[in-house]
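Engineer: With the sequence up front, the predicted model follows.
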Amino acid sequence: MQPRGKEQANFPGRPTQPFLAAPQSSTPFRSPGPVGGIEVSGPSRAISPFVSSGPMTGLGASGSPQNMSPFLSSGPAIGTQPSSYRAPPPSMRSNGPSSPPTSSFSAQDASIYQQSQALGFPPAPMHPPPPIGQPHMPPSGNFRPQSQIPLVPMGPPPQGSSQLTSMSNMPPPSGSVFSAPRTPPQPLLQGYSNVPQRANVPPFQPDSQFQASRPVPQPLMQVYPAAHVPPIHTSQYHAHQSLVPPPPPVGGPMGFNSREQLQHPLTGPPIGGVQGLVEEFQSLTVGSVPGALDPGVDAKSLPRPLNGDEEPIKLLEMYPFNCHPRFMRLTTHAIPNSQSLLSRWHLPLGAVVHPLAEAPDGEEVPIVNFGPAGIIRCRRCRTYVNPYVTFTDAGRKWRCNLCSLLNDVPGEYYCALDATGRRCDLDQRPELSKGSVEFVASTEYMVRPPMPPLYFFLIDVSVSAVCSGLLEIVAKTIKSCLDDLPGFPRTQIGFITFDSTLHFHNLKSSLTQPQMLVVADLDDVFLPLPDDLLVNLSDSRHVVDAFLDSLPSMFQGTSNVESAFGPALKAAFMVMSQLGGKLLIFQSTLPSLGVGRLRLRGDDLRMYGTDKEHTLRLPEDPFYKQMAAEFTKNQIAVDIYAFSEKYSDIASLGSLAKYTGGQVYHHPSFQTAVHQEKLRYELARNLTRETAWEAVMRIRCGKGVRFTTYHGHFMLRSTDLLALPAVDCDKAFAMQLSLEETLMTTQTVYFQVALLYTSSSGERRIRVHTTAAPVVADLSEMYRQADTGAIVSLLGRLAIENSLSQKLEDARQSLQLKLVKSLKEYRNLYVVQHRLGGRLIFPESLKFLPLYVLSLFKSVALRGGYADSPLDERCAAGYNMMILPISRMLKLIYPGLFRIDENLLKDLKEGQEPLRQLPLSAQSLDPKGVYVLDDGFNFIIWLGRMLSSDLLNNIVGVELASFPDLSRVVVCEHDNEISKRLMRVLKELRAKDPSSYQSCRLWLCRLDSSSIQAITRLVKMVTTTVIVPFFYLAMLASASSNSCLQHME
């Protein structure tokens, strides 16, 4: 990379020693546009690795309003909260260029020097602070740079805390420290000071060292290195680090004073936007200094979520009557008591609900049948009886825990109270002792007789579907699942096939062979038979079997390339509208005929990077959303299976699944040998898993709070009623909370989720989950009770919906801004209490949040731009992330990496250790090893370049020299022991999560120019070995492959 010698910034009173600058390519998400809603002055701004260009709509008061889209789930666009920060005054704002400054300075940039001094240097003892509101002009003469104060491990309130470190305008060092306990004090030492950077210097060399200037006198400080940090970690990147005192012992949460507060004690805590925060973080370093006792940071000590999602089980100890966290999780289990406190939280306040989550054996949700007495509910708010209601008047009345109304106890439900005021039959009443319960609903909860399970198949039979083998796999899989379809003997089934015409199939039970009726009129679709297109499976089983056996050969010689998908969709609706059910669509060609035909719009490169970019991710034709509304009204859920080799407009087709509670299954470039097992598993699970039919869901909450927006796949029937034609155990929903009162007076807030549905057996049921959360007046308590998994799940949904109304980089910056504000707010909590300036702290509960946010940036749905993900794959990933439960969401964005070569070489008799997850780091990859990357949807088997040829040939099943294209290799069991052991390992990993099936791909690491690309594609999300204050950087830009491999994580 050539140095940027012409771009210079002048700073007064700064020394002229060189400081090596990081290459510009190390800031992958930075571009020079302003951030809307944050005051930015001058021609440019301070460098931030993830600040994207373009105005950020909806993030501040000054931003332009964002365009509303009908594709959003409900409510206003997300991310429109007004910023509670103000920009620094003009005299404190940096106006220099974004490139690293040189050694020349001018007097007109005194304000910049003052801010850098306030943020990165201790105050000069001979110069008192200026009066408030006046700029601090530096004295004349040369100044030596002051020691920068690094981050030290901080304990989270009240136990332990993680920490983040940062560098700006310099190559990141090799590591950082997280959650390190304090060690006994060391001898008092002086710190090293940093030298300013200069842009016009040669590129950074691996063996170069940063030069340290003469130490500047500092107050006596104690050194507290991290106890768990190994010896000095050698790195080609070095930074200077000062010695800092430990935080004073306190009983509660710990914090620090900012440097600005120490210099100007009357100015209050520092506040501002992203630019001010970045400038403040420029003074923080993490590397080690040559000759210093402080070893710096080891990348192995950084916290990583190697155990996956950790459910907040400890909350059940405080509230034992709450439902299990697998069913419902709040983003923080501490509700703010005021609007002002909520405005300082900055992260989303809400919940993630997984109403039909699978429970382990022995923990099934109990079923309660009240019989003729009916379900006990509050007269006013309609809350279902739950463990948090209280009984009074000798058991004759009960008080609702949500609205406090006193209700009468029916005579059939009466029971006397004991001396403590509890019902004597409490242990025999699951609804009064369990947070989750399922009521058998009476006829008053039915508007029609319970519907039977109904499966209708709409199958594309054009030439692409036939030639790819799709038709044969679908037919065989459906036939193999007929005996396991739920609801026997009430189950209904039907089929329509289509290409340029519509093919209806008569499956009447009196026939020996099915009859096909063709309708060529696409403008006026009609049903050729009023009956017998939808039949009872048990009655017409022999006809259905005959149809599925003949389906692959029925269209074997076709050359039809057209797709009348829209007319076929209307025909399916006409067949299903009387009963409802589930419509499974198998589409392999872009709709080209009749209503709903689509055009190739994904290749229009002129749209990317403009304000119209988001329209590519919206449905092109309103026909599909209108059809989705009709489907939902008639209790029809739609699942999309898309297989096109070319652009098929998943953005439009997916809206059918989005608004009907369905799902999108995307198999681009479908190959039978590679994808057939995955398709068979997904289709079989979809057909055989227990499904809740014609469902509606409502979540109620106590006084003072209400849910405002909902996110997932559903149709919002009213302000708080979610219509779900079909829902199952693999779908979750998220929602945001707001406060209705300025100041809440209650001590506890209660939430209750109620899902009314029809079971496959024809029984109307209501599944109820109840949970309670305390109301707090302390922001630190909100952070302490934060749930990272719920926060990330809700943030991901918000970002995906934001990407439908704005550019991708703006959606990413919306996440960045929330994270930055949140961490800065936590830092400012204790700024007045302790003199601990220059460090960033954050609670133990959020130690993985920066990593997960960056992982969201790198997900298929949100990463990069046009060249990073095909449009169809990006839209399909977005649809999937909108319905994923928390555990699967976290696994998708931060996959598991396992080394398996030892398991392949050891015999089962010798004993094998369980697979241990490794950090997603290039340092974890040994060229002599075999690794499996598991994101819950795919396996990538990484083969080191130094593996023996025998081991490679046994895994691949062919001679690698004669078969160089690994993308065509099918990972299957071969006739050798190594291959059998590999399949056992993959089976073990698949058994951990039965909700999906991971297909396999082989990747071989080679010593060529594509090695960096291979590892980047392998890991999918990459973090560096350095943590900056609110991010993990994407990947260090490096001139050589070895350097990239050393520093990439």
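Structural biologist: Received the coordinates, thanks. Just so you know, these numbers come straight off a predicted model, no measurement behind them. Residues are numbered from 1 along each chain as shown.

Engineer: what about Tyr641, which helix or strand?
Structural biologist: Element membership of Tyr641, judged by DSSP states H and E, is strand 636-642.

Engineer: Parallel or antiparallel, which strands does that strand pair with?
Structural biologist: Applying DSSP bridges to the sheet, strand 636-642 is found paired with strand 581-587 (parallel), strand 664-666 (parallel).

Engineer: What average pLDDT does it get?
Structural biologist: Averaged over strand 636-642, pLDDT sits at 97.

Engineer: mind listing what's buried in that strand?
Structural biologist: The neighbour-count check on strand 636-642 (16 or more other Cβ atoms under 10 Å) flags 636-642 as buried. (Each C-beta comes from the backbone N, C-alpha and C, glycine too.)

Engineer: Return the member of those residues nearest to Asp549.
Structural biologist: Tyr641 (20.8 Å; Cβ to Cβ).

Engineer: Just to check, that closest one is in contact with Ser648?
Structural biologist: No: the criterion here is Cβ atoms under 8 Å, and Tyr641 misses it with Ser648 at 11.1 Å.

Engineer: Other residues contacting the strand holding Tyr641?
Structural biologist: By Cβ atoms under 8 Å, 6 or more residues apart in numbering, the list of residues contacting strand 636-642 from outside reads 573, 576-577, 580-588, 628, 631, 648, 650, 653-654, 656-657, 660-668, 679, 683, 686, 724-726, 872, 876.

Engineer: What is the subsequent helix or strand relative to that strand?
Structural biologist: Reading on from strand 636-642 to the C-terminus, the next helix or strand found by DSSP H and E is helix 650-658.

Engineer: Can I have the buried ones of the contacts of strand 636-642 as a PyMOL selection?
Structural biologist: Applying 16+ other Cβ under 10 Å to the contacts of strand 636-642, the buried members can be selected in PyMOL as follows:
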select buried, resi 573+576+580+581+582+583+584+585+586+587+588+628+631+648+650+653+654+656+657+660+661+662+663+664+665+666+667+668+679+683+686+724+725+726+872+876
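
Engineer: doesn't Leu517 fall inside a helix?
Structural biologist: No: remark: Leu517 does not belong to a helix; assigned using DSSP: H, G, I helix; E, B strand; the rest coil, it is strand.

Engineer: Stretch 518-537 spans what distance, first to last residue?
Structural biologist: 23 Å (Cα to Cα, to the nearest Å).

Engineer: Buried residues in it, which are they?
Structural biologist: 519, 522, 525, 532-535, 537.

Engineer: low pLDDT regions in the stretch 501-650 of the chain?
Structural biologist: 603 (pLDDT under 70).

Engineer: List the residues that contact the residue lying closest to Ala359 once chain neighbours are set aside.
Structural biologist: Leaving out its chain neighbours, the residue that sits closest to Ala359 by Cβ to Cβ, 6 or more residues apart in numbering is Val365, at 6.5 Å. Shown in contact with Val365 (Cβ under 8 Å, 6+ apart): 359, 434, 436-438, 767.

Engineer: between those residues, which is nearest Phe733?
Structural biologist: Arg767 (13.4 Å).

Engineer: For the closest one, grab the count of nearby residues.
Structural biologist: For Arg767, the count of nearby residues is 21 (other Cβ atoms under 10 Å).

Engineer: That one belongs to a strand?
Structural biologist: Yes: assessed by three-state DSSP, Arg767 belongs to a strand.

Engineer: right, and it touches Ser436 too?
Structural biologist: Yes: with contact defined as Cβ under 8 Å, Arg767 and Ser436 form a contacting pair (7.4 Å).

Engineer: Where does the prediction get shaky in the stretch 801-950 of the chain?
Structural biologist: For the stretch 801-950 of the chain, the ranges with pLDDT under 70 are 831-840, 908-912.

Engineer: quick one: the strands in it?
Structural biologist: 841-843, 896-899, 917-918, 930-934, 938-943 (DSSP state E, counting those that start in this stretch).

Engineer: So which bits of stretch 317-332 are buried?
Structural biologist: 319, 322-332.

Engineer: whoops, stretch 686-701 was the one
Structural biologist: Result for stretch 686-701 [16+ other Cβ under 10 Å]: buried residues 686-687, 689, 691-701.

Engineer: Give the rounded mean pLDDT of it.
Structural biologist: Stretch 686-701 comes out at a mean pLDDT of 96.

Engineer: can I get the CA coordinates of that stretch in PDB?
Structural biologist: In PDB, the C-alpha atoms belonging to stretch 686-701 read as follows (Å, rounded to 0.1, in the frame of the first residue of the first chain):
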ATOM      1  CA  ASN A 686     -41.600 -29.500   8.100                       C
ATOM      2  CA  LEU A 687     -44.200 -32.200   7.400                       C
ATOM      3  CA  THR A 688     -43.900 -34.300  10.500                       C
ATOM      4  CA  ARG A 689     -43.200 -31.800  13.300                       C
ATOM      5  CA  GLU A 690     -46.100 -30.800  15.600                       C
ATOM      6  CA  THR A 691     -47.800 -27.700  14.200                       C
ATOM      7  CA  ALA A 692     -50.200 -25.300  15.800                       C
ATOM      8  CA  TRP A 693     -53.000 -24.400  13.300                       C
ATOM      9  CA  GLU A 694     -55.200 -21.300  13.000                       C
ATOM     10  CA  ALA A 695     -53.400 -19.600  15.800                       C
ATOM     11  CA  VAL A 696     -53.400 -16.100  17.300                       C
ATOM     12  CA  MET A 697     -50.900 -14.800  19.900                       C
ATOM     13  CA  ARG A 698     -51.100 -11.900  22.300                       C
ATOM     14  CA  ILE A 699     -48.700 -10.700  24.900                       C
ATOM     15  CA  ARG A 700     -50.000  -8.800  27.900                       C
ATOM     16  CA  CYS A 701     -48.100  -6.700  30.300                       C
END
